[in-house]
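Chemist: Generate coordinates for the sequence data below:
(one chain, ligands or ions: 3)
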Amino acid sequence: MASLLLVSLLAPVALAGSPKTCSNPQLSCQNTTSVSDLCCFNAPGGQILQTQFWDTNPSTGPSNSWTIHGLWPDHCDGTYDSNCDSSRAYTNITQILQSYGKTDLLAYMNEYWLDENGDNESFWEHEWGKHGTCISTFKPSCYTGYTSTEEVPDFFQKTVDIFKTLDTYTATNAGIVPSSSKTYTASQIQAAFVNDFGYSVSIQCASGALDEVWYSFDVRGSIQTGTFVPTEPVGSTSSCSSSGIKYLPKSGSPTPTTTTTGGGSSPTGSGGSFSGSGYLNAVTSGSQKGCLISAGTWYTSGTCATYTATVSGVTATVFTASNGFLSYGGKTTFYAAGVPSGSTQQAVSTTSKSVSVSFEWQSV
Ligand SMILES: *[C@@H]1O[C@H](CO)[C@@H](O)[C@H](O)[C@H]1NC(C)=O
Ligand SMILES: *[C@@H]1O[C@H](CO)[C@@H](O)[C@H](O)[C@H]1NC(C)=O
Ligand SMILES: *[C@@H]1O[C@H](CO)[C@@H](O)[C@H](O)[C@H]1NC(C)=O
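Modeler: Ligands and ions are numbered 1, 2, ... in the order given. You can find the predicted model right below:
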């Protein structure tokens, strides 16, 4: 496995300062007098929305999960500011996250924070520039020892963390399930959210079908370190009709961008193999455990290597891609003497050993 893939290790992780400590912070949108420290209190964008998509045309993301739209600081009356700081409208979100060692976060975002047209980076730039720059507690002056761009990993990490607590697909499972024929009333849908989240949500429809959900929070303290308190939405609560709402199934998993490479064809060819750059994530017993950090070495902690899918002086028939997995002689199972842990690394080979492992390509 040594020489098929060119390996370039990521740059060292950037050092960051830290968000200011908040003592006795107030709950946003619930203050009765003016609050001056906007590093510990979100204003004017005090109503924080975690917004999610259910895209079916085209389908994006896993068929059993909603995907992330963003984290929006709405005013307490539902109006909002946008594009608040052009000097921090970064156009290198992926590189910034990599520079802070956020490779797991990036891998998660490439699975659950997706652009309908596949341009995830542009979509993340849009969400950060339009909404993120309006969050008062992310201002550089809200950090002790601020290093340029360090609020960016905080924004994306927090959005993902909140998203992970809001499993819409499962929340609505009690009776509200995707169907190509069934329809629901808005009150049936809201009842499912009240039951699970405690409050109603803002539901959005396109062509009569549910395609977005916006959850509302007030936050006690900063977005970075504060507590998110669920609340009733203020402002637009629905763009759906009151009845006849469709909740269409996604069309299975998204079409894999990588398929089996025929013998001899280039792995970057359009016929399909890995292309661009990515990680090779280790999958064993059905769950992801670490990744290949250099040719033939498997590691479960630390930073994944970024591979560039280019042949380097080896016949392309040896290592290919099969349904997104690294493949050798048609087989995607490799072996190691054990599962690496801590700082241990394991050599990976094609001869049978006690642990089986596959390597799944993750574009970055
Ligand atoms: C809450 O604090 C914000 C920020 O200082 C202020 O603009 C707003 O008027 C305050 N709300 C009330 C009801 O005093
Ligand atoms: C990202 O872009 C900004 C300028 O917009 C620059 O200051 C920063 O160094 C870049 N970060 C990385 C990791 O490339
Ligand atoms: C971005 O999003 C699409 C889905 O919309 C996904 O299939 C693709 O792998 C992502 N792109 C990258 C470069 O990761």
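Chemist: Tell me if stretch 77-84 is near ligand 1.
Modeler: No. On the criterion CB under 6 Å from any ligand atom, stretch 77-84 is out of touch with ligand 1, staying 11.2 Å away. Every residue, glycine included, has its C-beta placed from N, CA and C.
Chemist: So for that stretch, what gets flagged as buried?
Modeler: Within stretch 77-84, the residues that count as buried by 16 or more other CB atoms under 10 Å are Y80, C84.
Chemist: Need the residues that contact that stretch.
Modeler: Around stretch 77-84, the neighbours that count as contacts under CB atoms under 8 Å, 6 or more residues apart in numbering are 44-45, 47, 72-75, 89, 129-131, 133-134, 233-236.
Chemist: cool, and stretch 144-158?
Modeler: For stretch 144-158, contacts defined as CB under 8 Å, 6+ apart pick out 14-20, 71, 88, 90, 93, 96-97, 99-100, 102, 105, 109, 113, 124, 128, 132, 135, 138-140, 142-143, 223-224.
Chemist: Which positions in the protein make contact with ligand 1?
Modeler: Selection of the chain residues close to ligand 1 by CB under 6 Å from any ligand atom yields N31, T32, T33, S34, V35, A43.
Chemist: Quick check: the gap between the residue nearest to A171 when sequence neighbours are not counted and ligand 1.
Modeler: Counting by CB to CB, 6 or more residues apart in numbering, D196 is the residue found nearest to A171 once chain neighbours are left out, at 3.9 Å. According to CB to the nearest ligand atom, to the nearest Å, D196 and ligand 1 sit 30 Å apart.
Chemist: I'd like to know how many residues surround D196.
Modeler: For D196, the count of nearby residues is 17 (other CB atoms under 10 Å).
Chemist: in what helix or strand does it lie?
Modeler: helix 186-197 (DSSP states H and E).
Chemist: For that helix, name the packing helices and strands.
Modeler: helix 168-171, strand 202-206, strand 209-220 (3 or more CB pairs under 8 Å, 6 or more residues apart in numbering; DSSP states H and E).
Chemist: Now mean neighbour count and mean pLDDT too, for these, in JSON lines please.
Modeler: As requested, those are exported to JSON lines (neighbours: other CB atoms under 10 Å; pLDDT from 0 to 100):
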{"stretch": "helix 168-171", "mean neighbour count": "18", "mean pLDDT": "89"}
{"stretch": "strand 202-206", "mean neighbour count": "19", "mean pLDDT": "97"}
{"stretch": "strand 209-220", "mean neighbour count": "22", "mean pLDDT": "97"}
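Chemist: right, and those - which one's nearest P340?
Modeler: Proximity to P340 (CB to CB) singles out helix 168-171 among the helices and strands packed on helix 186-197, at 32.1 Å.
Chemist: so how far is whichever helix or strand comes after the closest one from its chain's centroid?
Modeler: Once helix 168-171 ends, the next helix or strand along the chain (criterion: DSSP H and E) is strand 183-184. Between the centre of strand 183-184 and the centre of its chain there are 29 Å (CA atoms, centre = their mean, to the nearest Å).
Chemist: Parallel or antiparallel, list what pairs with strand 183-184.
Modeler: strand 245-246 (antiparallel) (DSSP bridges).
Chemist: after the strand it pairs with, next one along is what?
Modeler: Next helix or strand after strand 245-246 toward the C-terminus (DSSP H and E): strand 277-284.
Chemist: Quick one: list the elements packing against that next one.
Modeler: For strand 277-284, the packing partners by 3+ CB pairs under 8 Å, 6+ apart come out as helix 103-112, strand 287-294, strand 306-308, strand 355-363.
Chemist: That one pairs with which strands?
Modeler: Strand 277-284 has the following sheet partners, assigned by DSSP bridges: strand 287-294 (antiparallel), strand 306-308 (antiparallel), strand 355-363 (antiparallel).
Chemist: Lowest average pLDDT across those strands?
Modeler: Lowest mean pLDDT of these: strand 306-308, a mean of 58.
Chemist: Output the helices and strands packed on strand 277-284 as CSV; include the columns distance to C240 and mean neighbour count.
Modeler: Converted to CSV, the helices and strands packed on strand 277-284 look like this (distance: least, CB to CB, whole Å; neighbours: other CB atoms under 10 Å):
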stretch, distance to C240, mean neighbour count
helix 103-112, 23, 19
strand 287-294, 36, 18
strand 306-308, 42, 20
strand 355-363, 34, 20
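Chemist: As CSV, those with distance to ligand 3 would be great.
Modeler: Shown next, in CSV, are the helices and strands packed on strand 277-284 (distance: least, CB to the nearest ligand atom, whole Å):
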stretch, distance to ligand 3
helix 103-112, 4
strand 287-294, 15
strand 306-308, 12
strand 355-363, 4
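Chemist: still on that earlier bit, which of the contacts of stretch 144-158 fall in helices?
Modeler: Under the assignment DSSP state H, these contribute I93, I96, L97, S99, L105, M109, W124, W128 to helices.
Chemist: Can you tell me the closest non-neighbouring residue to the fourth one?
Modeler: Leaving out its chain neighbours, the residue that sits closest to S99 by CB to CB, 6+ apart is A14, at 4.6 Å.
Chemist: Against ligand 1, how distant is the one you found?
Modeler: 32 Å.
Chemist: what does the protein have sitting close to ligand 2?
Modeler: Selection of the chain residues close to ligand 2 by CB under 6 Å from any ligand atom yields Y90, N92, Q95, I96, S99, S148, T149.
Chemist: Which of the residues you listed are buried, as a PyMOL select command?
Modeler: Buried residues among the residues of the chain next to ligand 2 (16+ other CB under 10 Å), as a PyMOL selection:
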select buried, resi 90+96+99+149
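Chemist: any chance of the residues of the chain next to ligand 2 in JSON lines, plus distance to F334?
Modeler: Shown next, in JSON lines, are those (distance: CB to CB, whole Å):
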{"residue": "Y90", "distance to F334": "38"}
{"residue": "N92", "distance to F334": "34"}
{"residue": "Q95", "distance to F334": "30"}
{"residue": "I96", "distance to F334": "33"}
{"residue": "S99", "distance to F334": "31"}
{"residue": "S148", "distance to F334": "41"}
{"residue": "T149", "distance to F334": "37"}
